[in-house]
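Engineer: Predicted structure and sequence below. I'll ask about it afterward.
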Amino acid sequence: MLGFVKGAEFMLLFQLFIEFFMIGLFGFGGGYAMIPLIEQAVRQHDWMSHQQFTDIIAIAGSAPGPIATNSAIFIGYQTAGVGGAIIAAGSNLLPSLLIVILLIQLIARHAHTQGLSYSLYGVHPVVTALIFYAGIRMGIQNDLFSKSADYPQYLIMSFAVILLFKKVSPVWVIGLSGILGIVIYGF
């Protein structure tokens, strides 16, 4: 396969591999906590515009599967086609696979030690902060906290938050919010 890849294409695929491998390696807390890392890589390499990135995150969040993997697939495809999608998704998943294999062995040996428990107590608040940070940044970038934001945006956001606290599936919340957007803005 690599024999058919030209130098510039190889470098792009290599960049995708390295960036998404590092995101998968250091992106503790799940997909939403990885969004700031993904955004940083996209901006650093100028792979797409801010609006394209925001659209991809919205689509990746509403599609089945983990948002980080979905984002990797979309960004990889947008950047380097099918090969880019495969490389980005695979490299994003590889660290998790390797870490889980190592953690299974580590936890089996040290499951009853206080050090393991204490380290997890230190990680939990950081994961929450990363998810909170991603939400605030996306709100700022989508003008939800500016004077140009309109009342219906706050209505849709409030509706979504209420449904999520009522434990309505995020799939339903996204679908209903999309329908609400059509009703409010489409008519």
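Structural biologist: Everything's here; your move.

Engineer: packing partners for the lowest-mean-pLDDT helix or strand in the chain?
Structural biologist: In the chain, no helix or strand scores lower on mean pLDDT, DSSP states H and E than helix 114-141, which sits at a mean of 83. Helices and strands touching helix 114-141, by 3 or more Cβ pairs under 8 Å, 6 or more residues apart in numbering; DSSP states H and E, are helix 31-45, helix 50-62, helix 67-110. Any C-beta I mention is one placed from the backbone N, CA and C, and that applies to glycine too.

Engineer: Contacts for the first one, please.
Structural biologist: Spelled out, that is helix 31-45. Contact with helix 31-45 is made by 15, 19-20, 22-24, 26-27, 47-48, 53, 57, 66-72, 75, 127, 130-131, 133-135, 137-138, as judged by Cβ atoms under 8 Å, 6 or more residues apart in numbering.

Engineer: quick one on the thing from earlier: how about a markdown table for the helices and strands packed on helix 114-141, with distance to L180, mean neighbour count and mean pLDDT added?
Structural biologist: Shown next, in a markdown table, are the helices and strands packed on helix 114-141 (distance: least, Cβ to Cβ, whole Å; neighbours: other Cβ atoms under 10 Å; pLDDT from 0 to 100):
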| stretch | distance to L180 | mean neighbour count | mean pLDDT |
| --- | --- | --- | --- |
| helix 31-45 | 22 | 19 | 91 |
| helix 50-62 | 14 | 16 | 90 |
| helix 67-110 | 21 | 18 | 91 |
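
Engineer: Kindly reformat those as CSV containing distance to F145.
Structural biologist: Formatted as CSV, the helices and strands packed on helix 114-141 follow (distance: least, Cβ to Cβ, whole Å):
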stretch, distance to F145
helix 31-45, 17
helix 50-62, 15
helix 67-110, 22
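
Engineer: what about those, which gets the closest to V173?
Structural biologist: Nearest to V173, of all the helices and strands packed on helix 114-141, is helix 50-62, at 9.6 Å by Cβ to Cβ.
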